[in-house]
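>>> mind folding the following:
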Amino acid sequence: MNTDYKAREQAETPYYDVVIVGAGLSGIGAAYHLQDKCPTKSYVIVEGREALGGTWDLFRYPGIRSDSDMYTLGYNFKPWRGKKSITSGPSILEYLQETAAENSIDRHIRYGHLVKKATWSSAEAAWTVEAQHKESGKTVYLRCNFLLMCAGYYSYEGGYAPPFKGSERFVGDIIHPQHWPEDFDYKDKQIIVIGSGATAVTLVPAMAADAAHVVMLQRSPTYVAAQNDEDKLAPILRRFLPERLVYAFTRRKYMFYQQLVYRVMRARPKQSKQKLVGMVRKALGPDYDVETHFVPRYDPWDQRVCIVPNGDLFETLKSGQASVVTDHIDTFTEKGIRLKSGQELEADIIITATGLNLVVLGDVEFIVDDKPVDIAKTYTYKGLMFSDVPNLTATFGYINASWTLRADLNAEYVCRLINHMDKRGVRQCTPRLRAEDRAMPARSFIQGFSSGYLQRSINRFAKQGDRKPWINPQRYRPDKQMLRRDPIEDGVLVFDPCSTAERK
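Just a heads-up that it's a prediction; the model follows:
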C-alpha cells in the first residue's frame, strides 16, 4: 500500500485508546471501570443492536428474569436498590440503562455497528476494527490500542433449534424464546414447552396463569431449587446503615453462600443430590412422581442448578395448571407431539426452549500481523487474554455464580494493565508461552460442566493449561488473587517498548 495513502487513511479513521465491543452487562461495566481508573483514556462502545442491555434487552419471553441474585449480578460499584433479589428482565434492563445514563456511558455507544473483523499491527501498536453499519450496510473502521471483547457468549442471530421430525406438519405456532413475538397472545391455549433448563422453568409458571394448560416436556430432569426472591435482612439494615455499606455486606453474603454451596455440592454430590431432591419431594408432596421428573442422572453442578423463585414452578404444578412429561419426541404431528412411548400431547403452541448457540468472541475474525488467529489453538491467559494475541481481552463470566462477579474482575485487571503499561512507557503486551509451558496438557476452557449448549461449542474456545497463569478456574477467590493481586509482571506477559512508527 502506498505510504502516503495509508497515512491519510489512518488519519481519517477515528482513533480511541480503547474500543469495547458490546453494550450489555459486561460492556457497560467495563466502561465504568475504565472511566474511573483510567480517566485520561478515550473509548467507544460498539454495539451491533439498536439498544443497550444485551441479554436483558434481547429476550422478551414471559417471566424473563435473572437466575442469579442481583446483589452479585449487579455491579460492585452500583448498589442494587430493587426490592427483589431474583428480579425481572425489565428491572435488570432499567438498572443497566440507569448505570449508563448516570455515568454518561451512553454517550460513548455507537449502535447498529456489528463488528466483523479486527486486525492488529505490531508496527503501529494498534487494532483496526471493521464494523458493518446495519442501516447503510457500509463498513466502518475504528482504530485503537486496546480491544475489549464484551460481546457475550451466544449468538444473537438465533437460539439452538434441533431439527424435530414432522415439525412442518404442526398447524400451530412454533416459537423459540430468543425470538418471542411482540404482544403474542397465548390466553386459553394449550402449550408445550420443550426443555427443562432455566428458560423452561421460568416460562411454565409465567404462562400457566393465562394458558389453558402448559406441559413442560423434557428428555431428562434438571436440578431445581426453590429460593426466596427477596432478601429479608437488607431492608432492615437500610434503616440504620448507609446504602453502600448494606449493599457491600449483602453482596459478600451472597458471594460466600454461592461459593460455599458450590464447593459442598461438588465435594459431596450424593448427599447434595439427596438434599435437592428431598426439597422437591417436600414441595410437591408424596403423591407426585418426583423420581421420574426431578431426579437427574448427573451430579449437582455438572450442569447449572435452576432457581425456582418462591417455589413458583412447584405451586403451578400442584394447582394443575401445568404438568411435566419426561419422554423422548418421536415426531411432531398436526395437533402436537407424539412421544416414543406412544403418548400424544396436543398443543396450540410449541415453545422450543432448547438452548443457545454459543459463539467465541462475537464470531469476530482476528488477524495479528497478517496472520489469521484460530482462538481454539491458543491458550487462555488468566481466563481473559490469549497466547500470542496482543492487547486483547475477552469477558466470559461464571457458569456457577453470577456473571458480573467475573466481569468486574476482568475490567479491573484491564485498567491495572493499561495503567502499568503507561508507567512503563509501552504500547503492546502479549501473553507468550514459556519453554516450560509448551508441554502443558490442553484442557477445555471450562472444566466439569456437561450442559449441551457448552459442549456443542467448547472445542472452539481457547484451551487452558495446568498451571498459572494459563488457567480459567471459574472460582471467584483464585480469580480475585490472579486479577487483583498477582503482579502484572509475571514473566509470561511480554511488553514491547513502543511501535515502529514511534521508534522512527
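>>> ok, for A411, nearest residue in space, not its chain neighbours?
H33 (3.9 Å; Cβ to Cβ, 6 or more residues apart in numbering). (C-beta placed from N, C-alpha, C; glycine too.)
>>> that's a helix at that neighbour, yeah?
Yes - assigned with DSSP: H, G, I helix; E, B strand; the rest coil, H33 falls within a helix.
>>> number of nearby residues for it?
21 (other Cβ atoms under 10 Å).
>>> and if you look at D348?
18.
>>> coming back round to it: quick one, what contacts the residue nearest to A411?
F77, D408, A411, E412, V414, C415 (Cβ atoms under 8 Å, 6 or more residues apart in numbering).
>>> I'd say the fourth one and R484 touch.
What that stands for is E412. Yes - look at E412 against R484 with Cβ atoms under 8 Å: they come within range, at 6.3 Å.
>>> neighbour-wise, which of these two wins?
E412 (19 against 11).
>>> strands of the stretch 51-200 of the chain, start to end?
109-110, 113-121, 126-133, 139-149, 173-175, 190-194 (DSSP state E, counting those that start in this stretch).
>>> what is the burial count for P205?
25.
>>> hang on, I meant R434
Neighbour tally, R434, other Cβ under 10 Å: 10.
>>> could you do the one 10 residues further on as well?
The criterion is other Cβ under 10 Å. On that basis, S444 has 16 neighbouring residues.
>>> pLDDT at it, what is it?
For S444, the model assigns a pLDDT of 92.
>>> again with the one 5 residues further on
What the model reports for F449 is a pLDDT of 80.
>>> so what's it up against?
Counted by Cβ under 8 Å, 6+ apart, F449 has contacts W301, D302, Q303, I399, N400.
>>> and V389, by the same measure?
Contacts of V389 (Cβ under 8 Å, 6+ apart): W120, F366, V368, V373, T378, T430, P431.
>>> excluding its backbone neighbours, what's nearest the fourth one?
Ranked by Cβ to Cβ, 6+ apart and with sequence neighbours excluded, the top spatial neighbour of V373 is F366, at 4.1 Å.
>>> how about the one you found, secondary structure?
strand.
>>> can you give me the distance of it to F495?
In this view, F366 and F495 are 20 Å apart by Cβ to Cβ, to the nearest Å.
>>> can you give me the buried ones in stretch 54-67?
54-67 (16 or more other Cβ atoms under 10 Å).
>>> what's the mean pLDDT across stretch 99-119?
97.
>>> measure that stretch end to end?
31 Å (Cα to Cα, to the nearest Å).
>>> could you turn the buried ones of the contacts of F449 into a ChimeraX selection?
Here is the ChimeraX selection string for the buried members of the contacts of F449, based on 16+ other Cβ under 10 Å:
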select :301,302,303,399,400
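>>> packing partners for the strand or helix carrying M279?
Secondary structure assignment for M279, by DSSP states H and E: helix 269-284. Using 3 or more Cβ pairs under 8 Å, 6 or more residues apart in numbering; DSSP states H and E, the elements in contact with helix 269-284 are strand 224-227, helix 290-293, helix 312-319.
>>> and it, how far from the chain's centre?
Mean C-alpha position of helix 269-284 versus that of the full chain (Cα atoms, centre = their mean, to the nearest Å) differs by 28 Å.
>>> so which bits of it are buried?
If you call a residue buried by 16+ other Cβ under 10 Å, then helix 269-284 has these buried ones: S272, K273, L276, V277, M279, V280, A283, L284.
>>> all strands for the stretch 251-400 of the chain, in order.
Using DSSP E, counting those that start in this stretch, strands in the stretch 251-400 of the chain cover 306-309, 322-326, 329-332, 336-339, 344-346, 349-352, 365-368, 371-372, 380-381, 385-386, 392-394.
>>> which of these has the lowest mean pLDDT?
Across the strands of the stretch 251-400 of the chain, strand 306-309 has the smallest mean pLDDT, namely a mean of 94.
>>> adjacent strands (with direction) for that one?
strand 224-227 (parallel) (DSSP bridges).
>>> which helices and strands does the following helix or strand past the strand it pairs with pack with?
Note on strand 224-227: by DSSP H and E, the next helix or strand toward the C-terminus is helix 233-238. Contacts defined by 3+ Cβ pairs under 8 Å, 6+ apart place helix 233-238 against helix 243-267.
>>> which residues touch the helix it packs on?
By Cβ under 8 Å, 6+ apart, the surrounding residues in contact with helix 243-267 are 69, 71-72, 74, 76, 79-81, 85, 231, 233-234, 237-238, 272, 299-301, 305, 400-402, 405, 448, 475-477.
>>> in it, what's buried?
Buried-residue list, helix 243-267, by 16+ other Cβ under 10 Å: V246, Y247, T250, R251, K253, Y254, M255, Q258, Q259, V261, Y262, M265.
>>> just want the angle from that helix to helix 269-284.
For helix 243-267 against helix 269-284, the angle by axes from the mean of the first three to the mean of the last three Cα atoms, to 10 degrees is 120 degrees.
>>> tell me the mean pLDDT over helix 243-267?
92.
>>> any idea how far that helix is from the chain center?
20 Å.
>>> ok, now stretch 104-111?
21 Å.
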